[in-house]
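K.L.:
Following is a predicted model, sequence given first.
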Amino acid sequence: MPNLPPATLAGLAEDPHRGVRLKLAQRLDLDPKLQLLLASDADAQVRAALSNCPNLDPLVLAELAHQQDLSQRAARAAMRHSRPEPAQRPDASHEPHFQEHIQELERMAWSGDARVRLAAIEHPAASTALFKLLVQDPEPLVRKAVAMHCPDEAHLTRLAKDPVVEIRRWVALRSQNHKCLSRLAKDADVSVRRLVAANRHSPQALLSQLARDRDPGVRAAVAAQPHCDQACLQSLARDPIVSVKAALLGNPALSTELRQSVLSHGLNPDLLDLLARDPATPLETLLALLPLARDEALLSRLVLHPQASQPLIDAVFARSLSPSLQLSLASHPACPLPALEQLAARANSDSVRLQLLLHPGLPTTQHSRLLNQGLGQKARLTLALHPQTAQPVLLRLAREAPNEPLRLALLRHPNTDTDVLEAVFTLPWSAATRKQLAADDSLSPRARQLLSQSLPSRRPRRPNRIKSPFGGKMDPLSQSGHV
C-alpha cells in the first residue's frame, strides 16, 4: 500500500475483506491506535500478521496476549521491551535556558487543555516535579503519558492502582519495584499479569506465584523468563498447554537435562511447528527437534531458522531430501550459506542448479561447480534472460552458446561486458541475424565493431550437378572424364 492518510488507514482497518486488513497489519508505519484495533480483529491470521511486526507498542503486545494462539509469541515479544530508563530520554540539559524550559513546562501543567499538559509530559525536559503535578491528572491520556515516561517509582506505584487498565499495563511493563509488581501480579486484568510475568525485574518469588496462574498466557510468560530458576521451570514442564511448553523450550536458560525431560514425553505437531517458527527458539532445542521432524515443512523451517548453525544444517542434509524440498530451499532468499553449499554439492536437477546460480547468497566460487555438472538449453536460456545473472556465469554461457537465441539474449543482458561480447562474436552468426543486429540501434559501439569483424556462418556448398544427355543427373567430375 502507498502512503495513505490516517483516516483512510482507519477505514481499511474495518474493511470487511480479510485480505485488506491482512495487508494493513503488515505495515510498519501504523499508529498504535490502529495496531490496537487490529489486535482485536476477529481473524486469527490478521492478528498473527500484526504480531510479527517488529515495532509493536507494548500495549498492543498485551492486547495480543489475550488470544491463546498468540500468547506465547506476544509474551516473548514483550520480554524484549526493556524499561526506558531516564538516561534513554533525550538529554535537554545542554539546551540554552534549560531552567526556563522546566519552569515553563510546570506552568503548562496547570493548563485547562489536556493536549497542552500531554505535550509538557512528553517534553525531554519534563522534571520530577512535573510528573508529581500530573500523576493524578483527571485525563487518562495524561496519566498514561506519566506511566510511559516517569522515572520515579513512587509515581509508578501510585499509578498501579489506576482504574484505567492501559495505565496499569505500562506500570507492569516499566516498574522495577517489587512491591508494585506484587500488587499488579494480582490484577484482575490478565494482560497486566502477563506483563508482570514478562518483566525482567519481577522477583523469583513472584514468578513462582505467577507460574500457578489460571491463565496460560501468564504461565507462558513465566516459562519464557530467562531469569526464572530451574525449579520453577520444572514445575511448568508438566503444563498441558502447548504455548507454555513452547515458551519453556524457547527459554535460553533452560537446562539441558530439563529440556531433554520435556522432549522425552513427546511433542505434538502443533508444538513442533510453533517452536520451529519462533525465531527465539535456541539452537539446543532446534537440534533436539530434528529427530522428531517427519515432514518437509518442518525440516525447511529448521534450515531457515535464524539460530540454525552448521551442525544443525549438516544433520538435516544427512537425510535424503526430496527434489521439491531442495528446490524450495534453493529458491528461498534467506537460505543460509552452509545450506546453499550443501545444495550445490548434491544438486541433481536443472531447476535446483538454476535457482542456486541466481541466488544472491551463493559465492561465485560455486558457479563453476554447478555449471560443470551440466545445464540444459532451457535453463541456459533462462539464465541469459534473467537480469540478476552474474557476469562470470554469462561469460561461461557465452563460450558455450550453441544457438543464436541464447547468444542474442547474452548480447542484450544488462551485466554483459566486453569479455562476454568477445566470446559471443567468436561464434558464427547467420546472415539474417547479422543483418538484424546491424539495424539494431541499441547495440553498443563495441558490439558493432565486433559484429563487423565476426565471420558469417556458411553452409557447406555441394557441387552443382548437371543434367546427363542420357537422362538423370551426372556428377561434374564424371563429365570431365575423371573417375
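P.N.:
Yep, that arrived.

K.L.:
which residues in the stretch 1-150 of the chain form helices?
P.N.:
6-12, 18-25, 32-39, 44-51, 58-64, 71-79, 98-108, 114-122, 128-134, 140-149 (DSSP state H, counting those that start in this stretch).

K.L.:
Of those helices, which is nearest residue 174?
P.N.:
helix 140-149 (7.2 Å; Cβ to Cβ). Glycine gets a C-beta too; all of them are placed from N, C-alpha and C.

K.L.:
Tell me which residues of the very next helix or strand once past that closest one come out buried.
P.N.:
Next helix or strand after helix 140-149 toward the C-terminus (DSSP states H and E): helix 153-159. Judged by neighbour count using 16 or more other Cβ atoms under 10 Å, the buried positions of helix 153-159 are 155, 156, 157, 158, 159.

K.L.:
Run through the residues that contact the first one.
P.N.:
What it means is residue 155. 131, 132, 135, 146 (Cβ atoms under 8 Å, 6 or more residues apart in numbering).

K.L.:
The last one: neighbour count?
P.N.:
It refers to residue 146. Counted with other Cβ atoms under 10 Å, residues neighbouring residue 146 total 29.

K.L.:
For it, give its distance to residue 137.
P.N.:
7 Å (Cβ to Cβ, to the nearest Å).

K.L.:
State the helix or strand in which the nearest residue to residue 237 once chain neighbours are set aside lies.
P.N.:
Leaving aside its sequence neighbours, residue 237 sits nearest to residue 262 (Cβ to Cβ, 6 or more residues apart in numbering; 5.0 Å). Element membership for residue 262 (DSSP H and E) is helix 256-264.

K.L.:
Show me what that helix is in contact with.
P.N.:
With Cβ under 8 Å, 6+ apart, helix 256-264 has contacts from 230, 233, 234, 237, 245, 248, 249, 284, 285, 288, 289, 292.

K.L.:
With only the CA atoms kept, save that helix in CSV.
P.N.:
What follows is helix 256-264 as a C-alpha-only set of coordinates in CSV (Å, rounded to 0.1, in the frame of the first residue of the first chain):
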residue,chain,number,x,y,z
THR,A,256,19.9,-29.5,29.1
GLU,A,257,18.5,-32.1,31.5
LEU,A,258,15.2,-30.3,31.8
ARG,A,259,15.0,-29.8,28.0
GLN,A,260,15.6,-33.5,27.4
SER,A,261,13.0,-34.4,30.0
VAL,A,262,10.3,-32.3,28.3
LEU,A,263,11.2,-33.7,24.9
SER,A,264,11.2,-37.2,26.1
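
K.L.:
mind listing what's buried in that helix?
P.N.:
Using 16+ other Cβ under 10 Å as the test for burial, helix 256-264 gives 258, 259, 262, 263.

K.L.:
and what of stretch 213-220?
P.N.:
Under 16+ other Cβ under 10 Å, the buried positions of stretch 213-220 are 213, 215, 216, 217, 218, 219, 220.

K.L.:
Tell me which two of those residues sit farthest apart.
P.N.:
The widest separation within these (Cβ to Cβ) is 9.9 Å, between 213 and 220.

K.L.:
residue ranges with poor pLDDT in the stretch 51-200 of the chain?
P.N.:
Scanning the stretch 51-200 of the chain with the threshold set as pLDDT under 70 gives 54-55, 57-59, 61-102.

K.L.:
As a check, name the ranges of all helices in the stretch 301-450 of the chain.
P.N.:
310-317, 323-330, 337-346, 350-358, 367-372, 377-385, 391-399, 404-411, 418-425, 431-438, 445-453.

K.L.:
Any idea which of these gets closest to residue 272?
P.N.:
helix 310-317 (14.4 Å).

K.L.:
on contacts alone, who are the packing partners of that closest one?
P.N.:
Other helices and strands packing on helix 310-317, by 3 or more Cβ pairs under 8 Å, 6 or more residues apart in numbering; DSSP states H and E, are helix 283-289, helix 296-304, helix 337-346.

K.L.:
what's the angle from the last one to helix 350-358?
P.N.:
I take that to be helix 337-346. Taking axes from the mean of the first three to the mean of the last three Cα atoms, to 10 degrees, one finds helix 337-346 and helix 350-358 inclined to each other by 140 degrees.

K.L.:
Just give me the neighbour total for the residue nearest to residue 444 when sequence neighbours are not counted.
P.N.:
Nearest residue to residue 444 in three dimensions, chain neighbours excluded: residue 421, at 7.7 Å (Cβ to Cβ, 6+ apart). Using other Cβ under 10 Å, residue 421 has 20 neighbouring residues.

K.L.:
just residue 16 next, same as before
P.N.:
6.

K.L.:
how near is it to residue 284?
P.N.:
For residue 16, the distance to residue 284 - Cβ to Cβ - is 45 Å.

K.L.:
and if you look at residue 266?
P.N.:
18 Å.

K.L.:
coming back round to it: out of the helices and strands packed on helix 310-317, the one nearest residue 404 is which?
P.N.:
Judging the helices and strands packed on helix 310-317 by Cβ to Cβ, what sits closest to residue 404 is helix 337-346, at 30.2 Å.

K.L.:
Closest one of the contacts of residue 155 to residue 342?
P.N.:
Of these, the one sitting nearest to residue 342 (Cβ to Cβ) turns out to be residue 146, at 55.3 Å.

K.L.:
Contact partners for the closest one?
P.N.:
Here residue 146 is in contact with 121, 131, 134, 135, 137, 155, 159 (criterion: Cβ under 8 Å, 6+ apart).

K.L.:
Quick check: of those residues, which lies closest to residue 403?
P.N.:
Of the contacts of residue 146, the one sitting nearest to residue 403 (Cβ to Cβ) turns out to be residue 121, at 72.9 Å.

K.L.:
ok, how many other residues are close to the closest residue to the closest one other than its chain neighbours?
P.N.:
Once flanking residues are discounted, residue 121 sits nearest to residue 145: 4.2 Å by Cβ to Cβ, 6+ apart. Residues within reach of residue 145, counting by other Cβ under 10 Å, total 23.

K.L.:
In contact with residue 145, which residues?
P.N.:
118, 121, 122, 134.

K.L.:
hang on, isn't the last one packed against residue 121?
P.N.:
Yes - proximity of residue 134 to residue 121 meets the contact threshold set by Cβ atoms under 8 Å, at 6.0 Å.

K.L.:
what do those two both touch?
P.N.:
142, 145, 146.

K.L.:
Could you tell me the per-residue confidence at the residue nearest to residue 237?
P.N.:
pLDDT recorded at residue 262 is 85.

K.L.:
do you know how far it is from residue 243?
P.N.:
14 Å.

K.L.:
and the nearest residue to residue 128 once chain neighbours are set aside, what does it touch?
P.N.:
What sits nearest to residue 128 in space, not counting adjacent residues and going by Cβ to Cβ, 6+ apart, is residue 152, at 5.7 Å. With contacts defined as Cβ under 8 Å, 6+ apart, residue 152 is in contact with 128, 131, 132.

K.L.:
Right, I'll leave it there.
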